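[1] Turn this into a model:
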Amino acid sequence: MKGKFILISGSASNSCPEAKLDRAVDFVRCFVGEVLRREGGLVVLASDDAATMDSRDVPRIFDWVVLREVERYVESTTEGPRKCAWIVMPAHFVESRLSDGNLRTLTNLQQRGVVEVERIRREEYTGGDTGSFR
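    Next up is the predicted model:
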């Protein structure tokens, strides 16, 4: 797994029962932790998730679940800094749209040097689907 990056993209429908959503979020957290422990990394398309929260503030998209787990991992490990995630964001996305918690996570990960943010052009951004960004 060392040096390999895995794209994590996923969401739950609004009709997803809470128990299934909780199980999906737990799976994502465990999966991310295992990838990082095996010295792999993640790729996520990150944007604002405020509109996707259920009534308990559990997100129905998993990009920030992934990034918060990366943050938890790098804060708890003694290994030296390494690239743990590529974050793909649309160029027109403004960080001021992020929740305070997500903005803190993004800033913390960038300051630690463990993520790379890749901006994609507006014409290549189609919501959850993107064209080639390289």
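[2] Retrieve the pLDDT associated with residue 87.
    With respect to pLDDT, residue 87 has a value of 92.
[3] Return the distance of the host helix or strand of residue 109 from the chain's centre.
    Using DSSP states H and E, residue 109 sits within helix 100-112. How far helix 100-112 lies from its chain's middle: 11 Å, per C-alpha atoms, centre = their mean, to the nearest Å.
[4] quick one: buried residues of it?
    Within helix 100-112, the residues scored as buried using 16 or more other C-beta atoms under 10 Å are 102, 105, 106, 108, 109. Any C-beta I mention is one placed from the backbone N, CA and C, and that applies to glycine too.
[5] Show me what the mean pLDDT comes to for it.
    The average pLDDT within helix 100-112 is 89.
[6] after that helix, next one along is what?
    strand 115-120.
[7] lowest-confidence helix or strand of the chain?
    Every helix and strand of the chain was ranked by mean pLDDT, DSSP states H and E. The lowest is strand 129-130, at a mean of 43.
[8] what bridges to the residue lying closest to residue 7 once chain neighbours are set aside?
    Distances taken as C-beta to C-beta, 6 or more residues apart in numbering place residue 43 nearest to residue 7, at 4.4 Å, with adjacent residues excluded. The bridge-partner assignment for residue 43, based on DSSP bridges, gives residue 7, residue 86.
[9] Count residues in the vicinity of residue 43, would you?
    Using other C-beta atoms under 10 Å, residue 43 is surrounded by 16 other residues.
[10] Can you give me the pLDDT of it?
    pLDDT, residue 43: 96.
[11] related to what we said a few turns ago, closest one of the buried residues of helix 100-112 to residue 91?
    residue 106 (15.5 Å; C-beta to C-beta).
[12] residues in contact with the closest one?
    Shown in contact with residue 106 (C-beta atoms under 8 Å, 6 or more residues apart in numbering): 46, 67, 87, 95, 98, 115, 117.
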